[in-house]
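Asks: just the structure for this:
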Amino acid sequence: MSFFDKFELKWFITWWLMGWAWVSLIWYLSLTATPLEVDLGLAFSDKVGHFIAYGWLMFWFGNLYRGLRVRLFYAGLFILMGIGLEVLQGMGQVRQFEYYDMFANSIGVIIGFVLVLTPLAKGLVWTEGFFKSIYD
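Replies: Next comes the predicted model:
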């Protein structure tokens, strides 16, 4: 079994590109001078956004690959990405460095990781099977 042993997905490249588009969006939203303001009416609502973004990211890539080691690799990569983006924000004059953002990012990755240890890890396989059943 190779390190990047993936699920048998017919549209793997499409799913993979969508995942990296999500990564790019997170980079953009993290480093832009005019961040997106979403008020959920909750205290720390921006932390909820961090949690969801990084949880979804880990969950997405966990649906692409089935090996535990590659999933751990992506979990580490995304946690380091969240820390690195916060450091970059702190280096700029527009955005603010926050430990709580790093914490929310990391908890999101961990929850996303836990979810891909369940049958939900075959979400993209099921999605492709659903569309195949419709169009066959």
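Asks: spit out the contact partners of the spatially most central residue of the chain.
Replies: Against the mean C-alpha coordinate of the chain, by Cα atoms, centre = their mean, the closest residue is Leu57 at 1.1 Å. Leu57 makes contact with 19, 22-23, 26, 78, 108-109, 112, according to Cβ atoms under 8 Å, 6 or more residues apart in numbering. Backbone N, C-alpha and C define where each C-beta goes, glycine included.
Asks: nearest to Ala53 among these?
Replies: For the contacts of Leu57, the closest approach to Ala53 (Cβ to Cβ) belongs to Ile26, at 5.6 Å.
Asks: quick revisit: return the member of the contacts of Leu57 nearest to Tyr100.
Replies: Using Cβ to Cβ, Gly108 is the member of the contacts of Leu57 that sits closest to Tyr100, with 12.5 Å.
Asks: tell me which element that closest one falls in.
Replies: Taking DSSP states H and E as the definition, Gly108 sits inside helix 99-115.
Asks: returning to that earlier point: secondary structure class for the residue nearest to the centre of the chain?
Replies: At Leu57 the chain is in helix, as set by DSSP: H, G, I helix; E, B strand; the rest coil.
Asks: please shift the residue numbers so they start at 29 in all later answers.
Replies: That works, and once the first residue is 29, the last one we named lands at Leu85.
Asks: now do it against Gly47, distance only.
Replies: Taking Cβ to Cβ, to the nearest Å as the measure, Leu85 falls 7 Å from Gly47.
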